[in-house]
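**Student:** 3D, please:
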Amino acid sequence: MDTFSSYFAAPPASAYRWDNLKQSVSPSVRTHLQNVYTNLAVMLSISAAGAYLDMTRMLPVLRGGSFSLFTTFASLLAFAFTPPTPQNHITRKYLLYAFALSKGLSLGPLIQSTMYINPSNVFIALLSAALLFGSFSASALLTPRRDALYIGGLLSSAVTIMMGMSIVNLFLRNSSLFSAELYLGLLVFAGYVIFDTQVILAKAELGNRDYLAHSMELYVDLVAIFVRILIILQKKEADKERERRKKNEKRR
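**Tutor:** Coordinates of the predicted model:
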C-alpha cells in the first residue's frame, strides 16, 4: 500500500495535480516501471527462499516466529526512515530485501500447514494471486485515465472496517465474521493493486522514480492477496473435514 514512499523526497503536495497527468506512458516512465516490476520479482524470489528456509530448517536461526516478526518490522521501519538518496540506495535495497526475506520466513509456517492438509492449495493460491495481481495491475497500466486514484479514501475506510472486524472477532470468535473479513480483505487489496499501480504511474510522471519504495507497495499488496487466498482455501479444507467427521459420526 502507498504508505511510506510519499513521505520521502517527493515533489511538493501542490505538484500532484492528477488532472494534468499524461494519459500515455513516456519511455522514461516505462523504464521506471520495468525497474519496479523487476525488483518486485527479486523480492518475491527472496521471500520464496525465506519460506523454504523456514520449512526445511536448513538454518535454525532463520525461522518464522518472533524473530522473523521483529526483523520484518525493524527492516521495514529502517527502510521507511532512510531517505532515498543516491548515497543510501544500496542500504535501502538491502533493507528492502531483508524485509522480503523476513516476510518469507513468517509465511513459512502457514505454507507448511497448508501443504500438510493439501499441497495443491499452495499452487492454487500462488497461481490465483499471480493472475489476480497481473490482471488488476495490467488494467491499471492500460487505463488511459487516472480515475482509480480517487478510490484511495474508500479503500482506507475499508481497511479501517477490517481492523474493527478483527478486534471484535478477537472476543466473538465467529467463523462467519472471520470469513467476511477474509473476503473483504481480498477485495480491498485487489483494489489497492489498481490504486497503487496508478499512484506509481502518477508519481513517476511527476518525477518520483523511487522504484524501491514503489515495488515495496506492490509487494505488500500481492503478498496480502496470496495470504488471504491461502487461508480461504485452508478454511474450506477444514470445513470439508469437519463435515466429513459429522457424517461419519451420524452413521455410527
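
**Student:** Which helix or strand contains residue 74?
**Tutor:** Assigned by DSSP states H and E, residue 74 belongs to helix 66-80.

**Student:** Only C-alpha atoms, please: export that helix in CSV.
**Tutor:** Extracted C-alpha coordinates of helix 66-80, given in CSV (Å, rounded to 0.1, in the frame of the first residue of the first chain):
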residue,chain,number,x,y,z
SER,A,66,9.1,-13.9,16.9
PHE,A,67,12.5,-13.5,15.2
SER,A,68,11.1,-13.0,11.7
LEU,A,69,8.2,-10.8,13.1
PHE,A,70,10.8,-8.5,14.7
THR,A,71,13.1,-8.4,11.7
THR,A,72,10.1,-7.7,9.4
PHE,A,73,9.1,-4.6,11.2
ALA,A,74,12.6,-3.5,12.0
SER,A,75,13.8,-3.7,8.4
LEU,A,76,10.6,-2.0,7.1
LEU,A,77,10.9,0.9,9.6
ALA,A,78,14.6,1.3,8.8
PHE,A,79,13.7,1.4,5.1
ALA,A,80,11.0,3.9,5.7
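
**Student:** same for it, what does it pack against?
**Tutor:** helix 89-117 (3 or more Cβ pairs under 8 Å, 6 or more residues apart in numbering; DSSP states H and E). Where C-beta positions appear, they are placed from N, C-alpha and C, glycine not excepted.

**Student:** Flag every buried residue along the helix it packs on.
**Tutor:** Within helix 89-117, the residues that count as buried by 16 or more other Cβ atoms under 10 Å are 92, 95-111, 114.

**Student:** Next: stretch 209-216.
**Tutor:** Judged by neighbour count (16+ other Cβ under 10 Å), stretch 209-216 contains these buried residues: 210-216.

**Student:** Sort out which of those residues are in helices and list them.
**Tutor:** Counting by DSSP state H, these place 211-216 in helices.

**Student:** before we move on, the earlier item: adding pLDDT and distance to residue 64, write the buried residues of stretch 209-216 out as JSON lines.
**Tutor:** Formatted as JSON lines, the buried residues of stretch 209-216 follow (pLDDT from 0 to 100; distance: Cβ to Cβ, whole Å):
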{"residue": "210", "pLDDT": "97", "distance to residue 64": "29"}
{"residue": "211", "pLDDT": "97", "distance to residue 64": "28"}
{"residue": "212", "pLDDT": "97", "distance to residue 64": "24"}
{"residue": "213", "pLDDT": "97", "distance to residue 64": "25"}
{"residue": "214", "pLDDT": "97", "distance to residue 64": "27"}
{"residue": "215", "pLDDT": "98", "distance to residue 64": "23"}
{"residue": "216", "pLDDT": "97", "distance to residue 64": "20"}
